[in-house]
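Student: With the input below, show me the fold.
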Amino acid sequence: METTEEFGIKLTEIADLAFYYGIESLPDAQKSRPGKEWSKDEMDFFMEKCHDGFKLAQNRLVEEVMSYQLLYRQNKEHIKQSRSGVDKTKTKELQNKEKVIIRRLHNLSHIADGMVVQMLGQQVDVARRLNIGEKGSKHLENSNIEHVIKVVNELNKKPGTFALISDLTSYIQIGDIFVIDREKGYYISELKEGEVNAKLRKFIDTSLENGPPVCEGFQPDFTDHEMDQIKRMLKQDLRALQAVEIVNTDEGIDPKTGGRMTVRTPVVDMEFYDGIFIPMLEELKTKNWSYTVLDRCLHIGMYHGEVGLLMAAGTIPGILERAAENYIVVDLMAITESLSETLFAKPLPKDFVIKLMTGQAKIIIGIDMDKLIQVFNDNGVKTRWLSKRETGKVNSNGKKLEIVVINGRAIGIELGHGKEGIVSGGIISKIVFDNVLPSSLAQAMSTAQGPTMKFGDEHDGNQQI
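Tutor: Numbers count the residues shown, from 1 in each chain. From the prediction side, this is the model:
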C-alpha cells in the first residue's frame, strides 16, 4: 500500500481536476473578472471546463476506488487467516491497515460528494435528498460497473453534459448515474443489463406511456421473479423521479420517507464561523496547536505536528469533561462520512485540506450541550432537556429517528402550535460540519413559523429536527 505522502499527492491531483480545473482553464482576461460580470457564453465555457475537470477526476476516482476496494477484500482475507494462528501482533497490524484503507475510501468518495454539491450549485440540503438512508458500503466490482462506465463515457462526450457514477459517492443512493445536461437539466438513470431486463424495461415504458398501469397479475406470461423485478424497477423509477423533482423545484415527495417536503431558506441569513480557521492557521505557523471558544458553547481546536496530534486526542475532551456535564466531541474528518458541505468548500488552503484527509492535521470540535441549550433559548428558540422517561417514549414510538441522546436524555425544541421537535443529528451536523454559528442557527430557526420549518433534514409529520 502506498505511503501517506504518496496517497496525499494522488488526492491533490484528483482534487485539482474536480475543483480547480474549470477556473484554471479560463483565459486570464475572464479569470480576472468576477463571475457576475461574465457573459452567457463565458459562463457556458466555464461550466464546460468544470465538467471536463469532473470527467477527468471521475476517471481517476474509478481507478483508485477499485484499487482500494480490491486491497480491502484482500486484507480482509488476510485478517481471517491471521486469526487462525497465534500471531496477534500480525492481526492488529492488518486491522490497522484496514482502518487506513477505509479512511482512504471515504476520502475518495468525499471528492465525488464535492462534485455532486457543485453540480447542484452548492445546495447541500438538496443533495441530501439523493440519499435514502440505506446502510452498507458500495462496491464497484459488485455493480454493473463496466456497463455503467460505457454509458457514462458516451454521455460525457457531449459538451455541456456530465454524468456522475452514483456508486463513487456517499450522497447518491438513487440510480446508477446522476446527470446534469445543459438542455435537459438534471436526471437520474437506473442502468440494467441483459435481455430480461431489456424486455422488462420495454414493457414498463410502453405500459406507462400507453396504459394500462402495471399491476398484480396484469401480464400473466411473466414469471413471479420477473413480476418482482418489475415492481423493484418501478420503485426505483419513482424514487428517481421524486429526487429529480426536488432537485429541480426544491419541493416534492421525499424518496426516503414518502412525506411531502419543501426545502426552504430561512428568513435571516445564517452566519458561518469557518472564517475563524484562517487566524487559527496563522497560529499554527509558530506552534502545534490553536484553540478558541465561540458562542460560549463551541470549542474548536486545530492541531498539526507530532506533539499537536497527540494533543488533539485529549485536549478538548479533557476541557469539556472538567467544565460540562453533557457534551459531544467530533473530529471534523467525520465529515467524509456525513451528508454535509465538503472540506473543499471551507476557507482552508488545499494543502491543509489534504493534511486533514491524510491524518497529518486535525480539527476537533466540541459542544457544551447545556450551554448550547442556553444559546438557543437566548436567541428565541425554547429548548430543554427531556427526562429519561420522555426520551424512552420518543425512542419507542416506532419511527426510525436519529435523535441526539446524551446521558440517556434527548433535547426538545418548541416548534409552535403546541408541538415540540427533537434535536437530531441534522442540527449537530449544521453546527459541526456546515459550520453554522449556534446563535445564528437559533435565530434562523426562530424566524420559521410553526412545525413546517425546513432546514433540509425535516419532513412533514416527523418532529425530528
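Student: Domain boundaries for this structure, per the record?
Tutor: Using the TED database, the domain parsing of the chain gives 4-189, 195-214+224-262, 274-447.
Student: which stretch in the ones you listed is the model least sure about?
Tutor: Among the domains of the chain, domain 195-214+224-262 carries the lowest mean pLDDT, a mean of 53.
Student: The nearest residue to residue 105 once chain neighbours are set aside: what's it in contact with?
Tutor: What sits nearest to residue 105 in space, not counting adjacent residues and going by CB to CB, 6 or more residues apart in numbering, is residue 68, at 5.3 Å. For every residue, glycine as well, the C-beta is placed using N, CA and C. Applying CB atoms under 8 Å, 6 or more residues apart in numbering to residue 68 gives the contacts 101, 104, 105, 108.
Student: Tell me how far residue 161 lies from residue 154.
Tutor: Note on residue 161: its distance to residue 154, by CB to CB, to the nearest Å, is 10 Å.
Student: Quick check on these two: which one has the bigger neighbour count.
Tutor: More neighbours surround residue 161 than the other of residue 161 and residue 154, with 17 against 10 (other CB atoms under 10 Å).
Student: In contact with the more buried one: list those residues for me.
Tutor: Residues in contact with residue 161 (CB under 8 Å, 6+ apart) are 51, 155, 179, 180, 181, 182.
Student: now, which of the residues you listed lie within strands?
Tutor: Taking DSSP state E, the ones among the contacts of residue 161 that sit in strands are 179, 180, 181.
Student: you'd agree the second one is up against residue 121?
Tutor: Right, the one you point to is residue 180. No - look at residue 180 against residue 121 with CB atoms under 8 Å: they stay out of range, at 10.0 Å.
Student: Neighbour count: these two, which is higher?
Tutor: More neighbours surround residue 180 than the other of residue 180 and residue 121, with 22 against 9 (other CB under 10 Å).
Student: and residue 86, how many neighbours does it have?
Tutor: A count of neighbours around residue 86, defined by other CB under 10 Å, yields 9.
Student: Then the one 5 residues further on?
Tutor: Applying the criterion other CB under 10 Å, we find 18 residues in the vicinity of residue 91.
Student: Okay, it and residue 83: tell me how far apart.
Tutor: Distance of residue 91 to residue 83, computed by CB to CB: 6 Å.
Student: Quickly find the element holding the residue most central in space within the chain.
Tutor: With distances taken as CA atoms, centre = their mean, residue 339 lies nearest the centre of the chain, 2.3 Å away. For residue 339, there is no host helix or strand (DSSP states H and E).
Student: Where does the residue nearest to residue 105 sit: helix, strand or coil?
Tutor: Reduced to three states with DSSP: H, G, I helix; E, B strand; the rest coil, the structure at residue 68 is helix.
Student: distance of it from residue 357?
Tutor: Distance of residue 68 to residue 357, given as CB to CB: 14 Å.
Student: Isn't residue 293 up against residue 316?
Tutor: No - using CB under 8 Å, residue 293 is not in contact with residue 316; the gap is 10.0 Å.
Student: how about stretch 88-100: buried residues?
Tutor: For stretch 88-100, burial by neighbour count (16 or more other CB atoms under 10 Å) applies to 91, 94, 97, 98, 100.
Student: Much appreciated, bye for now.
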